[in-house]
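> I would like to see how this sequence folds:
(4 chains)
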Number of protein chains: 2
Amino acid sequence: MISKKTKYGLKALIYLARQYEQGPILIADLARDENIPKKFLEAILLALKNSGILQSRKGKGGGYYLGRSPRLITMGQAIRVMEGPLAPVPCVSETAYAKCTECGNENTCGIRLVMKDVRDAIAQILDNTTLADVLNRVDHAELSEKNVIDFCI
Amino acid sequence: MISKKTKYGLKALIYLARQYEQGPILIADLARDENIPKKFLEAILLALKNSGILQSRKGKGGGYYLGRSPRLITMGQAIRVMEGPLAPVPCVSETAYAKCTECGNENTCGIRLVMKDVRDAIAQILDNTTLADVLNRVDHAELSEKNVIDFCI
DNA sequence: TTTAAAACCTATCAAATCTGTAGACTAAAC
DNA sequence: GTTTAGTCTACAGATTTGATAGGTTTTAAA
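Numbering: from 1, shown residues only, chains lettered A, B, ... in the order given. This next block holds a predicted model:
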């Protein structure tokens, strides 16, 4: 299960992706619109900025905005910033490998063999889904839901 | 990342699968052989028993053993007992659905759309990998590692 | 050049979860 | 009826999570 922090961060990124190239967005506005505790959100956005995904401007007229096109920001990149590695066990992580103290021989550890497949499946999806993809899917979903309503009327 | 509890539990299951139909195994032996704190392991095995995956016998000659064939126990079943649902967000869980307080409309939530795919990919693997499969893969891995060593000699 | 706005930083805190331990209780075998 | 071995209850320390408070720095505009 992903943490609230990660959910908040993803919601913020999607929100910012919708307004890409429309100038900086205030933390306060984002927090209000998405129902996220403002101070908590501050820390999350800061982490996303330090990782290069977001940029910011201080002072009047300032705020946060995407550091690059929504088509160049993947869910995998974002989730790793907030949640840590995608891998279920550290010994199969591509981005943050660490030896498992539990399993003796890595090459023949049954848990590792299976978890390697799981990691690859997760990464396959999240590293190939961009913020732009998410916006697209949401738009389509909203459209088809609207059609269902129209159909009912 | 899966917890130590889950790793311990999986190691115990693999250990028991290796000795399927060879009588009950003592918690103490299992704990010693796999380097798991005995009291912690007790609680884990009990949970696995209450879920029907394991069975036990008390008293002299007692111990734990698989409740059914290793070919009928999947990694998904075991992990759900110890770690909870496979789904990254509760609103896409098939076995433990719960509404997400964060997303307003479930049908059009971008996070949910992506996480549904992730859940399905994880479940696809873990619900189709049995303990018998794991033993097989480990055996093959050990064999090919042995061959590498032989080749070096 | 002051002033207001807004991000940035530090510290702290309560609650929950994770990991592990201690000791008494119950059931089965001999 | 004594030994064996799983079962139950309680607890405790460590870590993580989610959230708050208050001050500092940068920037734009009055």
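> and A:Ala28, what element?
According to DSSP states H and E, A:Ala28 maps onto helix A:27-34.
> Check which helices and strands that helix sits against.
The criterion is 3 or more Cβ pairs under 8 Å, 6 or more residues apart in numbering or on different chains; DSSP states H and E, and the helices and strands that helix A:27-34 contacts are helix A:4-18, helix A:38-50, strand A:63-66. Bear in mind the C-beta positions are built from the backbone N, C-alpha and C, glycine included.
> Report the contact partners of A:Lys49.
A:Gln55, A:Ser56, A:Tyr64, A:Gly67 (Cβ atoms under 8 Å, 6 or more residues apart in numbering or on different chains).
> Narrow these to those that are buried.
Buried members of these, counted by 16 or more other Cβ atoms under 10 Å in any protein chain shown: A:Ser56, A:Tyr64, A:Gly67.
> For DNA strand C, state which of these is nearest.
Proximity of the buried ones among the contacts of A:Lys49 to DNA strand C (Cβ to the nearest atom of the strand) peaks at A:Ser56, which lies at 3.7 Å.
> picking that back up, name the surrounding residues that touch the helix holding A:Ala28.
Applying Cβ under 8 Å, 6+ apart, the external contacts of helix A:27-34 come out as A:8, A:11-12, A:15-16, A:36-38, A:41-42, A:45, A:63-64.
> can you narrow those residues to ones near chain B?
For chain B, the contacts drawn from the contacts of helix A:27-34 by Cβ under 8 Å from any Cβ of the partner chain are A:Tyr8, A:Lys11.
> from the contacts of helix A:27-34, which are also near DNA strand D?
By Cβ under 7 Å from any atom of the strand, the members of the contacts of helix A:27-34 lying near DNA strand D are A:Tyr8, A:Pro37, A:Lys38.
> If I follow the layout properly, the first one ends up in contact with A:Leu41?
It refers to A:Tyr8. Yes. Contact criterion Cβ atoms under 8 Å: A:Tyr8 and A:Leu41 qualify, at 6.1 Å.
> and A:Thr6, how many neighbours?
Neighbour count of A:Thr6, defined by other Cβ atoms under 10 Å in any protein chain shown: 21.
> again, but for A:Thr130
19.
> okay, it: pLDDT?
We have a pLDDT of 98 for A:Thr130.
> and it, what are its bridge partners?
Assessed by DSSP bridges, A:Thr130 has beta-bridge partners A:Thr74.
> thought it was touching A:Leu72?
Yes. In terms of Cβ under 8 Å, A:Thr130 counts as a neighbour of A:Leu72; the distance is 6.9 Å.
> Now do the SS call for A:Glu145.
Following DSSP: H, G, I helix; E, B strand; the rest coil, we place A:Glu145 in the helix state.
> and it, what does it touch?
Applying Cβ under 8 Å, 6+ apart, the residues contacting A:Glu145 are B:Asn105, B:Asn107, B:Thr108.
> One more pass at 6 Å, please.
A:Glu145 sits next to B:Asn107 when contact means Cβ atoms under 6 Å, 6 or more residues apart in numbering or on different chains.
> DNA strand D contacts on chain A?
Counting by Cβ under 7 Å from any atom of the strand, chain A sits next to DNA strand D at A:3-5, A:8, A:37-40, A:43, A:57-62.
> Max pairwise distance over these: which two?
Across those, no pair lies farther apart than A:Ser3 and A:Lys60, at 33.3 Å, counting by Cβ to Cβ.
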